[in-house]
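Trainee: model the following, please.
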Amino acid sequence: MILVLNKVDISRPEHAVAWKYYFTSRFPNIQVVLFTNFPKDPETVKENASKGKVMSRVHRKKGGFMCYGAKEFLEACQICFPQKNFENWKWKVESETLDKFDDSRHDVKDFDSLYKEWESEKTQNKFLTIGIVGYPNVGKSSFLNGLKGRKVASVSKTPGHTKYFQTIFITNDVVLCDCPGLVFPSTMDKQFQIVSGLFPISQVREPYTSVGFIAERINLVDLLKLKHLSGESQTWSAWTICEAWAKLRGFRVAKSGRLDAYRAANHLLRLATTGKINIYSTPPGYSLSEYQYIEEPETINLYAKLKKYSNTVASSAQGFRTNAHLDVPEEELDERTSTADADARISLSNRFSVLRVD
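Mentor: Okay, here's the model as predicted:
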């Protein structure tokens, strides 16, 4: 079994390595691989966390994937399946240079015949079949795309996007099987599961408790630069945080023009589930060995590789997102001016709203 810790770009390298050591110590027979499809400069992650900034990602070059962890995953497969032939896959990984994303040279030529051969019981031993299972919205399809080198599986920020079993040939003898997310019975709080992305945000009827769950662990007021509507001396709650965020973002109900706290709460939850608001946890006993993990050779190596990969992706990307607050659908974008008071703005979606009397 191979455990893939995905999206390590939104955590510090020492945290990722600490979790890797935790799982290998608890389960010595499994291989743990760190992976990400969006390599981010660790210095940027640390700076954003220390200065209280919302995280953002770069726009990827269209059609290209530069993931970190493909080589490590290949090495883990070689350990688990030493009898299999990995020459084609190894050649594919090694030939993918940092300045070239095109995977057409290594693409599978005759998919139909390979698939029929893979389904046949007589030739199944020829192939290495790797099944990808896990919770919804953890990046299973994105992980598959990263190994393939280009987009072959549809991905979405909404959990439950993958609806059916699908097979992807990395090479002529290596097959990846993607499946819908699996949710097992758990003793975790529902709010923790919502923040983890196990539930579609649009189906959360009461989002304020989940916002409060985040606010208890992260200083959202300073992070989002919120101002209390009733004055700075007032006590903050999940509702007042949502109201302040609605005012800052310009979220208002069309008919009455009042602040749309429900929409603001959903938007905050989406920022959390997509990693823009960085929520992380450390393994038990981490605080006692924090400096040891920071100085760990694997942490230093991971730090250097993520920085190298992130520089390559940034140089070939279409552009940076300058403000993570604007990472929302176009219909939700608004322009805030310093001269106009957001509280005085009236929604124009209702043609009779100009007649509203406070």
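Trainee: bridged to residue 131, which residues?
Mentor: residue 177 (DSSP bridges).
Trainee: same check on residue 4?
Mentor: residue 33.
Trainee: show me what contacts it?
Mentor: Applying C-beta atoms under 8 Å, 6 or more residues apart in numbering, we find residue 4 in contact with 33, 35, 69, 73, 143. From N, CA and C alone the C-beta is placed, and that goes for glycine too.
Trainee: would you map the strands across the chain?
Mentor: Secondary structure of the chain, counting by DSSP state E: strands at 2-5, 31-34, 58-59, 128-132, 166-171, 174-178, 319-320.
Trainee: please save the CA atoms from the second one in PDB.
Mentor: This points to strand 31-34. This file holds the C-alpha atoms of strand 31-34, laid out as PDB (Å, rounded to 0.1, in the frame of the first residue of the first chain):
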ATOM      1  CA  GLN A  31       5.100   3.700   1.600                       C
ATOM      2  CA  VAL A  32       4.400   7.400   2.100                       C
ATOM      3  CA  VAL A  33       4.800   9.800  -0.800                       C
ATOM      4  CA  LEU A  34       4.500  13.600  -0.700                       C
END
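Trainee: ok, and what's touching it?
Mentor: With C-beta under 8 Å, 6+ apart as the test, strand 31-34 has contacts from 1-5, 8, 16-17, 20, 23-24, 68-69, 72-73, 76, 79-80, 302.
Trainee: which of those residues are buried? Put it as a ChimeraX command.
Mentor: To isolate the buried members of the contacts of strand 31-34 in ChimeraX, using 16 or more other C-beta atoms under 10 Å:
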select :4,5,8,16,17,20,68,69,72,73,76,302
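Trainee: related to what we said a few turns ago, looking at the strands of the chain, which is closest to residue 148?
Mentor: If you check each of the strands of the chain against residue 148 by C-beta to C-beta, strand 166-171 wins as the nearest, at 6.0 Å.
Trainee: what helices or strands is the closest one leaning on?
Mentor: Based on contacts counted as 3 or more C-beta pairs under 8 Å, 6 or more residues apart in numbering; DSSP states H and E, the elements that strand 166-171 packs against are helix 87-95, helix 111-119, helix 140-148, strand 174-178.
Trainee: pLDDT of the third one, averaged?
Mentor: Translated: helix 140-148. Average pLDDT, helix 140-148: 83.
Trainee: now do it and strand 174-178, the angle between them.
Mentor: Helix 140-148 and strand 174-178 are oriented at 160 degrees to each other (axes from the mean of the first three to the mean of the last three C-alpha atoms, to 10 degrees).
Trainee: may I see the buried residues of stretch 25-39?
Mentor: Those would be 31-39, for stretch 25-39 by 16+ other C-beta under 10 Å.
Trainee: could you do stretch 146-153 as well?
Mentor: Neighbour counts using 16+ other C-beta under 10 Å place 146-149, 151-153 of stretch 146-153 among the buried residues.
Trainee: then stretch 249-267?
Mentor: Quick answer for stretch 249-267 (16+ other C-beta under 10 Å): 249-253, 257, 259-267.
Trainee: now do stretch 223-230
Mentor: Applying a neighbour-count criterion of 16+ other C-beta under 10 Å, one finds 223-224, 226 buried in stretch 223-230.
Trainee: residue 291: which of the residues you listed is nearest?
Mentor: For those, the minimum distance to residue 291 (C-beta to C-beta) is 26.0 Å, reached by residue 223.
Trainee: quick one: the closest one and residue 277 touch, right?
Mentor: Yes. Counting by C-beta atoms under 8 Å, residue 277 is a contact partner of residue 223 at 7.0 Å.
Trainee: who touches residue 273 in this structure?
Mentor: 137, 157, 195-197, 201.
Trainee: out of these, which is nearest to residue 210?
Mentor: Distance to residue 210, by C-beta to C-beta, is smallest for residue 195 among the contacts of residue 273, at 6.0 Å.
Trainee: how many residues are close by residue 91?
Mentor: A count of nearby residues for residue 91, using other C-beta atoms under 10 Å, gives 12.
Trainee: the helices in the protein, which residues?
Mentor: Along the chain, counting by DSSP state H, helices occupy 13-26, 42-51, 70-80, 87-95, 111-119, 140-148, 190-195, 208-215, 220-223, 238-249, 261-273, 290-294, 297-316.
Trainee: what does the fourth one contact?
Mentor: Outside of helix 87-95, the residues that reach it under the criterion C-beta under 8 Å, 6+ apart are 70-71, 74, 105-106, 149, 170-174.
Trainee: now those residues in a markdown table, with distance to residue 242?
Mentor: Formatted as a markdown table, those follow (distance: C-beta to C-beta, whole Å):
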| residue | distance to residue 242 |
| --- | --- |
| 70 | 40 |
| 71 | 44 |
| 74 | 45 |
| 105 | 51 |
| 106 | 48 |
| 149 | 41 |
| 170 | 45 |
| 171 | 49 |
| 172 | 53 |
| 173 | 53 |
| 174 | 47 |
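Trainee: that's all I had, so thanks and see you.
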